[in-house]
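[1] give me a model of this one.
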Amino acid sequence: MSRALLLVPIVVASAAVLAGCGYSGEPKPPSLKRPMKVSNLAAVERGARIIVTFELPQETTEGLPITGTPDIELRIGAVPVPWNQQAWQANSDRIPVPAWPAAPAPSGGSSRRLLKGLPKAPPTSGGSGRPAAQRRAAKATASASAASTKALFARTIQIDAAKYSGKATVIGVRVLGPTGRDDGWATIPLEVFPVLPVPRDLRAVDMPGAVHLQWAAEAPAFRVYRRLRAPNGAPEAEWVQLADSTQPSYDDTTFEYGKTWQYYVQSVRQTGGNTLESDPSDIYTFTPADKFPPAVPAGLGGIAGTRSIELFWDRVADADLAGYRIYRNGTRIADGVQTPAYSDANVVAGTKYSYQLSAVDQSGNESMRSPAFEITME
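    Residues are numbered from 1 along each chain as shown. Below you'll find the model as predicted:
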């Protein structure tokens, strides 16, 4: 028997032994369980706080679902010059972060993966696949699940800004797996400015044609916000920015009498392309009342006709003017006159008359009477 034939049984036997051990290919290295970096890291200074937002990863760098409770490390510190990450980390402050989500979400969290796992409906006559209503319901379910997953992994952290006032800082976040490995820091720079003062003692008073707002604060500028309140006390509308002001006061001329308005004010400062805002002032609730009469009519004159005296005067420009009142010898003879002219036919020839008039607004406020105009009927 040849040597080649003797080797065949040995090779076959070796293959059988290997097959029995369960090997199907090259052995795989153990998983590092290293979470990916956080995403959508952002930071803004608002009032006396630094608001940091980010989203936690849902997979490891190998594309596997994260298991266990990874450690979330958030730090803020001054920028070393020159920049050195190790120096920054050693001298930064660690900020507590809420624990890892209690319930795991589907890997990746995408609506496509969520849809893939839904059962398919049987074909219907006239078409294939699931009915349109079921497909829409499936997409809505996937969208809601994705939104819920995103909210579960989102984090918003507040940091006291006072300690870092006037400093250029770097904020960093990383996630460490169960073996202490991570995919590196996600960082963002933030220059922290002195905290803007909160406007105080906000007040509102009635003025002719305006609600005069006034407050106390030393800041470069202010933003004024307003909303309408319903008669039952509930807010009737959302807050809207009414105006910007460089002074601690503002006249609101777009209000309506008889309605209740609410106001608040913020201090603001422009820093390059950013706007810093203080915390809002206390809300001030005010119902303006029209207590201000229109302007006194001017230019009263007249002409004696054959059977009447024709009066005329300058038009009053008040926007809420309701009309004019005519007085003859101190007695009112006409009310609600709409035009700046009046014909008095109740006159007697050879008699001297003294006329005055006033303006009345829509709230019933009457102006002072005009200077008297005297004329004799021929």
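
[2] break this structure into its domains for me.
    39-122+130-191, 200-286, 301-376 (automatic domain parsing).

[3] can you list those domains in TSV and add distance to residue 294?
    All C-beta atoms are positioned from the backbone trio N, CA, C, and that covers glycine. Formatted as TSV, the domains of the chain follow (distance: least, CB to CB, whole Å):
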stretch	distance to residue 294
domain 39-122+130-191	44
domain 200-286	9
domain 301-376	4
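
[4] the stretch 101-250 of the chain: helices as residue ranges?
    111-116, 132-153 (DSSP state H, counting those that start in this stretch).

[5] worst average pLDDT in these?
    Ranked by mean pLDDT, those bottom out at helix 111-116, which scores a mean of 35.

[6] quick one on the thing from earlier: so which of the domains of the chain is nearest residue 32?
    Checking the domains of the chain against residue 32 by CB to CB gives domain 39-122+130-191 as the closest, at 5.6 Å.

[7] from one end of the closest one to the other, what's the distance?
    Using CA to CA, to the nearest Å, the end-to-end distance of domain 39-122+130-191 comes to 21 Å.

[8] cool, stretch 280-299 as well?
    50 Å.

[9] for the record, mean pLDDT for it?
    pLDDT averaged over stretch 280-299 gives 94.

[10] what of stretch 41-48?
    88.

[11] what residues sit buried inside it?
    Residues 41, 43, 45, 47 are the ones in stretch 41-48 that count as buried (16 or more other CB atoms under 10 Å).

[12] and the furthest pair within those residues?
    The most distant members of the buried residues of stretch 41-48, if one measures by CB to CB, are 41 and 47, lying 20.6 Å apart.

[13] per-residue pLDDT, residue 274?
    Predicted confidence (pLDDT) for residue 274: 72.

[14] list the beta-bridge partners for the closest residue to residue 291 other than its chain neighbours.
    Distance criterion CB to CB, 6 or more residues apart in numbering; nearest residue to residue 291, sequence neighbours excluded, is residue 206 at 6.1 Å. Applying DSSP bridges to residue 206 gives these bridge partners: residue 211.

[15] residue 206 and residue 39: what is the separation?
    52 Å (CB to CB, to the nearest Å).

[16] these two: which has the busier surroundings?
    residue 206 (16 against 13; other CB atoms under 10 Å).

[17] hey, which strand is longest across the chain?
    Longest strand in the chain, counting residues (DSSP state E): strand 260-271.
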